[in-house]
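Enquirer: Sharing a sequence plus its predicted fold:
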Amino acid sequence: MRESKCTMKFIRQSPYKVRMVLDSVRGKKTEYALNFLKLSNKKASVFIFKALTSAVSNFSQKNDTLDSTGLYIKKAYVDEGPKIKRFRPAAMGRATRIIKRTSHLTVVVGEKE
């Protein structure tokens with residue numbers, strides 16, 4: 001039961017948007033997921049693609065093997081990072097708050113039992 005993980009922090013996209021793409025590749029084989037993410041037109045797919053390739057690379061380095069076939073995504077989740085708060089001018093001299101959300105992405109790959 002060998003596994004490897006990759007974490008990307010402070011991604012400048014909301015966790016809700018990243019989670020939409022992540023739900024479609026969770027539990028799938030890594031080859032399928034990489035092809036899916038490469039063809040996806042969502043911004044979050046770029047971040048997930050980088051994290052997944054890094055996790056596969058970490059697995060091959062950690063276990064002294066170049067064969068990455070047969071790997072699948074064991075866990076993939078997004079946590080909310082710190083929020084960046086800004087103000088935007090509004091009507092009648094007021095100001096409204098804009099919250100720019102960030103995400104922490106974790107991808108764990110491993111072998112099927």
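Expert: On my side now, so go ahead.

Enquirer: Pull the contacting residues for the residue nearest the centre of the chain.
Expert: Within the chain, the residue whose C-alpha comes closest to the C-alpha centroid is Ile48; the distance, by Cα atoms, centre = their mean, is 3.6 Å. The contact partners of Ile48, taken as Cβ atoms under 8 Å, 6 or more residues apart in numbering, are Val18, Val21, Leu22, Val25, Leu37, Ala76, Leu105, Val107. For every residue, glycine as well, the C-beta is placed using N, CA and C.

Enquirer: so what pLDDT did the residue of the chain most remote from its centre get?
Expert: Computed with Cα atoms, centre = their mean, the maximum C-alpha offset from the centroid of the chain is found at Met92, amounting to 40.9 Å. With respect to pLDDT, Met92 scores 96.

Enquirer: Using the three-state scheme, assign the residue nearest to the centre of the chain.
Expert: Put simply, Ile48 is helix when judged by DSSP: H, G, I helix; E, B strand; the rest coil.

Enquirer: Check the spacing between it and Phe87 real quick.
Expert: Distance, Ile48 to Phe87, by Cβ to Cβ, to the nearest Å: 32 Å.

Enquirer: so Arg88 makes contact with Ala95?
Expert: Yes - counting by Cβ atoms under 8 Å, Arg88 touches Ala95, with 6.6 Å between them.

Enquirer: Need the residues touching each of these two.
Expert: With contacts taken as Cβ under 8 Å, 6+ apart, Arg88 and Ala95 have no neighbour in common.

Enquirer: any weak-confidence spans in the chain?
Expert: Low-confidence segments of the chain, defined by pLDDT under 70: 66.

Enquirer: can you give me the helices in it?
Expert: Assigned by DSSP state H, the chain shows helices spanning 15-25, 30-39, 44-62.

Enquirer: what's the second one in contact with?
Expert: By Cβ under 8 Å, 6+ apart, the surrounding residues in contact with helix 30-39 are 21, 24-25, 28, 45-46, 48-49, 52-53, 56, 68-69, 71-73, 109.

Enquirer: so who does Lys100 touch?
Expert: Contacts of Lys100 (Cβ under 8 Å, 6+ apart): Arg12, Lys83, Ile84, Lys85, Arg86.

Enquirer: biggest separation within those residues, which pair?
Expert: Pairwise distances across these peak at 14.0 Å for Arg12 and Lys85 (criterion: Cβ to Cβ).

Enquirer: Alright, I will stop here.
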